[in-house]
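S.K.: sequence first, predicted model second:
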Amino acid sequence: MQNVILSARPGAVLDTRRGLTQPGSDAAHMESQVFNPKHKQTGLRLAVLAFASFAALMAANDLSDAASLRKEQLVESRPVGEPIMAIVSLRDQQITVYDAKGRIMRAPVSSGQKGRETPAGIFTVLQKEAEHYSNMYDDAYMPHMQRLTWTGIALHGGPLPGYPASHGCIRMPYDFAERVFDATRLGMRVIVWPNDVVPVEIDHPVLFQPKTGADTAAAKAAVAQADEAASSADQARLAALTASHESALASASVRKVEILKLRAQTQLAATERAVASAESPEAKERAEDAKAKVTAQIVELEAQLAAAKAELQPKLDAVVAAREAAIAAENARVVAAEAARKAARDLEPVSVFISRKTQRLYVRQAFQPILEIPVTIQDADRPIGTHIFTAMERTDAGNDLRWSVVSFVGSSRDEPNARKGREGDVGAMATGLSGAKAALERIAIPQDTFDRIAEMVSPRSSLIISDEALSSETGKGTEFVVVMSDEPQGGLKHRRPYPRIEARYDRLPYWRSPFADRYSTWWTRF
């Protein structure tokens, strides 16, 4: 049997009978050659060489992809500050983290698959748990989980197949998820949008500016008082323990003398019986001598007992006084600690949400609602878009705040065309300052409310203006959750609220192969 190899060459027709090719046919694209079996080793060597070249090419492509991923995760060379917001682009399948000065981290993600899409909207980090297991999906391991809703939408480490594949959560590379987890804190804003957007700086009179720094000074004073009260309570507790210890030692001395006196009294009774039963003058004399010694010992012990009791009483009184002082100091510590906590809460970033749909203004601080009033919006029947204004940091000039804005106008289909953002990212959406300023100018906030909010704002505070109403995800222990009604919400539709159960169960550890790369999705449970 003859051996045949095929090679691509346009315009050739196979003739297997002769082992030759006939040129001139457009239908043929392969060439046949007949060769002697003794040349088989040469063909194998050529095949091996071709396969090795193909493998080298594939490896080069893999290295190029890996380098690209590492480049996407590059942290800016400048000093990195505390993360203030994260923006997830569903179309680009990537997350970008920002501090007060700009982008600091970026990585690929895998969001919700079709039918279970990650909802587009505005969220905040509500809970953090380094080792979390899903109570919805077969106890699935979700390391470095940062919860966005109490129905189970979260950021966490997970496998990245290169396309949306989760049940609604946002998976990140494992090492990136750990790094973000360590850097963020509760309340960080997370914006999920179909396209990539970048925050831009904005200045407008309607944006709140703090009038004074009195609240900050009061909070610092409250914290100092709490520290002082805690120190006093510790000292009072130590004094009470010391007094109790000294009282215990004095009580032990009294009990020791009392026991010796009781023994002496027992001996005295025995000598008295010996005197009474003595049968000879000599025996009686010995018994009387013993009785005299025991009597003298009892007298001495009574003196020692009186002295010990006299020493004990002040120490008992000191214990009572020290315990009362400790109780008073502890009460003062509790009061001061609560005042410090309240002052700290007052310094927490404040969030303001204005809904065109409900014509109301809402204020929350530290996940708690503190104000809700009607608000006037000009041309209320005309869309206003969705705009997230964030107080990034205080200016160098004084107490004023520097604000940024991320704007969405209608659905993703209505957004401006892609452009290069401030970071030079092709595909980032231009945030329209004109639209954001126009939205601010359509809002009329009562002056007293405006002044009250202005006194509370601090870095990381935010103002959200939206056509949308608050999502049903907004509730106890949450920040404002705004979900875009014209975008898929499959990841929310498949989830239901569940009790916040804090009970934990012992689980076997997870082990990651040392041979896996930094984006490996292979985790083995043993």
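M.R.: Everything's here; your move. Residues are numbered from 1 along each chain as shown.

S.K.: where do the helices sit along the stretch 201-350 of the chain?
M.R.: Assignment of helices within the stretch 201-350 of the chain using DSSP state H, counting those that start in this stretch yields the ranges 214-276, 281-347.

S.K.: dump the ones you listed to JSON lines, plus distance to Phe450 and mean neighbour count.
M.R.: The way it works is simple: take the backbone N, C-alpha and C, and place the C-beta from them, glycine included. As requested, the helices of the stretch 201-350 of the chain are arranged in JSON lines below (distance: least, Cβ to Cβ, whole Å; neighbours: other Cβ atoms under 10 Å):
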{"stretch": "helix 214-276", "distance to Phe450": "16", "mean neighbour count": "15"}
{"stretch": "helix 281-347", "distance to Phe450": "18", "mean neighbour count": "15"}
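
S.K.: among those, which comes closest to Asp92?
M.R.: Each of those has some distance to Asp92 by Cβ to Cβ; the shortest is helix 281-347, at 36.0 Å.

S.K.: what is the mean pLDDT for that closest one?
M.R.: Within the predicted structure, the mean pLDDT of helix 281-347 is 89.

S.K.: now swap in stretch 367-384 and tell me
M.R.: Per-residue confidence for stretch 367-384 averages out to 93 on the pLDDT scale.

S.K.: distance to Gln113 added to the helices of the stretch 201-350 of the chain, as TSV?
M.R.: As requested, the helices of the stretch 201-350 of the chain are exported to TSV (distance: least, Cβ to Cβ, whole Å):
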stretch	distance to Gln113
helix 214-276	46
helix 281-347	40
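
S.K.: looking at those helices, which is closest to Ala183?
M.R.: Checking the helices of the stretch 201-350 of the chain against Ala183 by Cβ to Cβ gives helix 281-347 as the closest, at 20.6 Å.

S.K.: show me the shaky parts of the protein.
M.R.: Applying pLDDT under 70 to the chain flags residues 1-77, 135-139, 211-216, 397-398, 409-432, 494-526.

S.K.: what are the phi and psi angles of the residue nearest the centre of the chain?
M.R.: Nearest to the centroid of the C-alpha atoms of the chain, with distances taken as Cα atoms, centre = their mean, sits Lys128, at 3.5 Å. Dihedral angles of Lys128 (phi, psi; degrees, to the nearest 10) stand at phi -130, psi 140.

S.K.: my read: Met92 touches Pro194, true?
M.R.: For residue 92 the amino acid is Asp, not Met. No. Here Asp92 does not reach Pro194: they are 9.4 Å apart, not a contact under Cβ atoms under 8 Å.

S.K.: hmm, back to that, closest to Gly491 out of the helices of the stretch 201-350 of the chain?
M.R.: Distances from Gly491 to each of those were compared by Cβ to Cβ, and the smallest falls on helix 281-347, at 31.6 Å.

S.K.: quickly list what Val88 is bridged to.
M.R.: Applying DSSP bridges to Val88 yields these beta-bridge partners: Ile95, Val192.

S.K.: quick one: contacts for it?
M.R.: Gln94, Ile95, Val109, Ser111, Thr118, Ile170, Val190, Ile191, Val192, Trp193 (Cβ atoms under 8 Å, 6 or more residues apart in numbering).

S.K.: pick the one among those closest to Phe353.
M.R.: Taking Cβ to Cβ as the measure, Ile191 is the one of the contacts of Val88 closest to Phe353, at 14.1 Å.

S.K.: grab the nearest non-local neighbour of the closest one.
M.R.: In space, and not counting its chain neighbours, Ile191 is closest to Ile87: 4.8 Å by Cβ to Cβ, 6 or more residues apart in numbering.

S.K.: could you do Asp196 as well?
M.R.: Across the structure, with Cβ to Cβ, 6+ apart as the measure, the residue nearest Asp196 apart from its sequence neighbours is Ser89 (3.8 Å).

S.K.: can I assume the one you found is in contact with Ile170?
M.R.: No. Under the criterion of Cβ under 8 Å, Ser89 lies out of contact with Ile170, with a separation of 10.8 Å.

S.K.: between these two, point out the one with more neighbours.
M.R.: Ile170 (28 against 23; other Cβ atoms under 10 Å).

S.K.: distance check, that one against Ala230.
M.R.: Ile170 sits 40 Å away from Ala230, taking Cβ to Cβ, to the nearest Å as the criterion.

S.K.: equivalent analysis for Gly152, please.
M.R.: Here the criterion is Cβ to Cβ. By it, Gly152 lies 39 Å from Ala230.

S.K.: then Lys220?
M.R.: Summarising the geometry, the distance separating Lys220 from Ala230, computed by Cβ to Cβ, is 16 Å.

S.K.: so which of the helices of the stretch 201-350 of the chain comes closest to Tyr133?
M.R.: Of all the helices of the stretch 201-350 of the chain, the one in closest proximity to Tyr133, counting by Cβ to Cβ, is helix 281-347 (31.1 Å).

S.K.: packing partners of the closest one?
M.R.: Here helix 281-347 is seen to pack against helix 214-276 when contacts are counted using 3 or more Cβ pairs under 8 Å, 6 or more residues apart in numbering; DSSP states H and E.

S.K.: got the angle between the helix it packs on and helix 281-347?
M.R.: Orientation of helix 214-276 against helix 281-347 (axes from the mean of the first three to the mean of the last three Cα atoms, to 10 degrees) gives an angle of 170 degrees.

S.K.: show me what helix 214-276 is packed up against.
M.R.: Helix 214-276 is packed against helix 281-347, with contacts defined by 3+ Cβ pairs under 8 Å, 6+ apart.

S.K.: now with 10 Å, please.
M.R.: Helices and strands touching helix 214-276, as assessed by 3 or more Cβ pairs under 10 Å, 6 or more residues apart in numbering; DSSP states H and E, comprise helix 281-347, helix 447-456.

S.K.: take these and write them to JSON lines, including distance to Met145.
M.R.: Formatted as JSON lines, the helices and strands packed on helix 214-276 follow (distance: least, Cβ to Cβ, whole Å):
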{"stretch": "helix 281-347", "distance to Met145": "25"}
{"stretch": "helix 447-456", "distance to Met145": "30"}
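
S.K.: adding distance to Phe480, write the contacts of Val88 out as JSON lines.
M.R.: Below are these laid out as JSON lines (distance: Cβ to Cβ, whole Å):
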{"residue": "Gln94", "distance to Phe480": "24"}
{"residue": "Ile95", "distance to Phe480": "20"}
{"residue": "Val109", "distance to Phe480": "23"}
{"residue": "Ser111", "distance to Phe480": "21"}
{"residue": "Thr118", "distance to Phe480": "18"}
{"residue": "Ile170", "distance to Phe480": "19"}
{"residue": "Val190", "distance to Phe480": "12"}
{"residue": "Ile191", "distance to Phe480": "12"}
{"residue": "Val192", "distance to Phe480": "14"}
{"residue": "Trp193", "distance to Phe480": "16"}
